[in-house]
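Asks: sequence plus predicted model, see below.
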Amino acid sequence: MPVRTPVFAISGLQGSGKSTLAAQIAARAEADGLRVAVLSLDDLYLTRGQRRQLADEVHPLLATRGPPGTHDVALGCRVLDALKTGQNVALPRFDKLADDRVEDAAWVRVQERVDLVLFEGWCVGATPEADDALASPINALEREEDADGRWRRHCNEALHRDYPALWSRLDALWFLQPPGFDIVRTWRWQQEQAMVARDPARHGMDRVQLERFIQHYERTSRHLLATLPATADRVIRLDEARRPVAA
């Protein structure tokens with residue numbers, strides 16, 4: 001039976017340090033002579049045009065990237081399958097400040113087999129909620145813009161229907177567990193400022209825009225906090241400064 005390259009996944013809420021940890025692991029592995037490919041769930045977002053179509057056909061909130069249902073899961077499965085079997089493949093990339101996937105020509109080309117695949121993302125490993133949990137809105141966004149629950153039901157159904165195929169490609173999963181959901185507002189603001197600092201000519205979100213943006217993620221984030229510690233292969237508890245907390 002052919003050897004399949006392992007996929008090691010890192011899950012954690014927005015701003016928790018997933019990409020930093022993935023980069024550190026990749027650097028260490030490469031220093032030891034291993035070939036590593038890094039893929040982010042963020043790079044699998046549907047294009048802006050695809051999300052606008054969903055917004056027109058299903059619900060306006062689906063124009064905003066992030067929640068389940070706004071990723072190209074089939075693309076992710078194809079990329080991970082190619083990496084696991086040693087095929088040449090291009091890794092997609094998403095530009096958050098442009099809010100769109102970059103052109104194919106700018107994707108990262110991986111030639112031949114790698115020794116390790118690192119896959120990180122904010123809702124990696126997420127499972128759907130029970131239907132009755134969707135009845136009541138949990139924040140202002142849901143109360144004011146999803147009063148009938150159509151958007152959150154669509155996101156939950158995507159978690160039930162589409163994402164298990166992607167999670168089935170994972171060989172191990174670590175969860176970076178924050179002290180609670182509220183710290184995400186601070187961490188994600190720091191992340192936004194860092195993105196703009198890297199490219200001052202472009203504009204990010206202000207605090208009001210960011211608060212609304214985070215509310216798109218809140219339901220799945222809280223469900224992750226309640227469920228993933230029991231299913232992840234390893235849980236790394238973090239304090240408010242993202243430092244690991246001893247068990």
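Replies: On my side now, so go ahead.
Asks: helix, strand or coil for the nearest residue in space to Gln190 that is not next to it in sequence?
Replies: Sequence neighbours aside, Gly15 is the residue nearest to Gln190 in space, at 6.3 Å (criterion: C-beta to C-beta, 6 or more residues apart in numbering). All C-beta spots, glycine's among them, are computed from the backbone N, C-alpha and C. Secondary structure state of Gly15, per DSSP: H, G, I helix; E, B strand; the rest coil, is coil.
Asks: my guess is Gly15 meets Gln191, correct?
Replies: Yes - the pair Gly15 and Gln191 passes the contact test of C-beta atoms under 8 Å, sitting 4.6 Å apart.
Asks: when the two are compared, which one has more neighbours?
Replies: Counted by other C-beta atoms under 10 Å, Gly15 and Gln191 do not tie: Gly15 has more neighbours, with 22 against 18.
Asks: just the buried residues of the helix or strand where Gln209 lies, please?
Replies: Gln209 belongs to helix 207-231 when assigned by DSSP states H and E. Judged by neighbour count (16 or more other C-beta atoms under 10 Å), helix 207-231 contains these buried residues: 210-211, 213-225, 228.
Asks: pLDDT on it, on average?
Replies: The predicted model assigns helix 207-231 a mean pLDDT of 94.
Asks: what's the following helix or strand after it?
Replies: Downstream of helix 207-231, the next assigned helix or strand under DSSP H and E is strand 234-237.
Asks: tell me the strands beside that following strand, with direction?
Replies: Each strand pairing with strand 234-237, determined using DSSP bridges, is listed with its direction: strand 172-177 (parallel).
Asks: list the contacts of the nearest residue to Arg48 once chain neighbours are set aside.
Replies: Taking C-beta to C-beta, 6+ apart, and ignoring the residues beside it in sequence, Arg48 has Asp100 as its nearest neighbour in space, at 4.3 Å. With contacts defined as C-beta atoms under 8 Å, 6 or more residues apart in numbering, Asp100 is in contact with 47-48, 94.
Asks: where in the chain is pLDDT low?
Replies: Screening the chain residue by residue with the criterion pLDDT under 70, one finds the ranges 1-2, 247.
Asks: residue closest to the middle of it?
Replies: Gly121 (3.0 Å; C-alpha atoms, centre = their mean).
Asks: please tell me how far it sits from Trp189.
Replies: Taking C-beta to C-beta, to the nearest Å as the criterion, Gly121 is separated from Trp189 by 20 Å.
Asks: hang on, Lys84 packs against Arg4?
Replies: Yes - assessed by C-beta under 8 Å, Lys84 is found in contact with Arg4 at 4.7 Å.
Asks: quick one: which of the two has more around it?
Replies: More neighbours sit around Lys84 than around the other of Lys84 and Arg4, counting by other C-beta under 10 Å; the figures are 19 against 14.
Asks: for the protein, just list every one of the helices.
Replies: Chain-ordered helices for the chain, with DSSP state H as the definition, fall at 18-31, 48-57, 73-84, 140-145, 150-161, 163-167, 183-198, 207-231.
Asks: flag every buried residue along the shortest one.
Replies: Right, the one you point to is helix 163-167. Judged by neighbour count (16+ other C-beta under 10 Å), helix 163-167 contains these buried residues: 163, 166-167.
Asks: one more: the fourth one?
Replies: The neighbour-count criterion (16+ other C-beta under 10 Å) identifies 141-142 as the buried residues of helix 140-145.
Asks: which residues are contacting that helix?
Replies: The list of residues contacting helix 140-145 from outside it, by C-beta under 8 Å, 6+ apart, reads 60-61, 137, 149, 151-152, 212, 215-216, 218-219.
Asks: distance to Ala31 added to the residues you listed, as JSON lines?
Replies: Written out in JSON lines, the entries for the contacts of helix 140-145 read as follows (distance: C-beta to C-beta, whole Å):
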{"residue": "Pro60", "distance to Ala31": "47"}
{"residue": "Leu61", "distance to Ala31": "44"}
{"residue": "Pro137", "distance to Ala31": "48"}
{"residue": "Gly149", "distance to Ala31": "50"}
{"residue": "Trp151", "distance to Ala31": "45"}
{"residue": "Arg152", "distance to Ala31": "44"}
{"residue": "Arg212", "distance to Ala31": "42"}
{"residue": "Gln215", "distance to Ala31": "41"}
{"residue": "His216", "distance to Ala31": "38"}
{"residue": "Glu218", "distance to Ala31": "38"}
{"residue": "Arg219", "distance to Ala31": "40"}
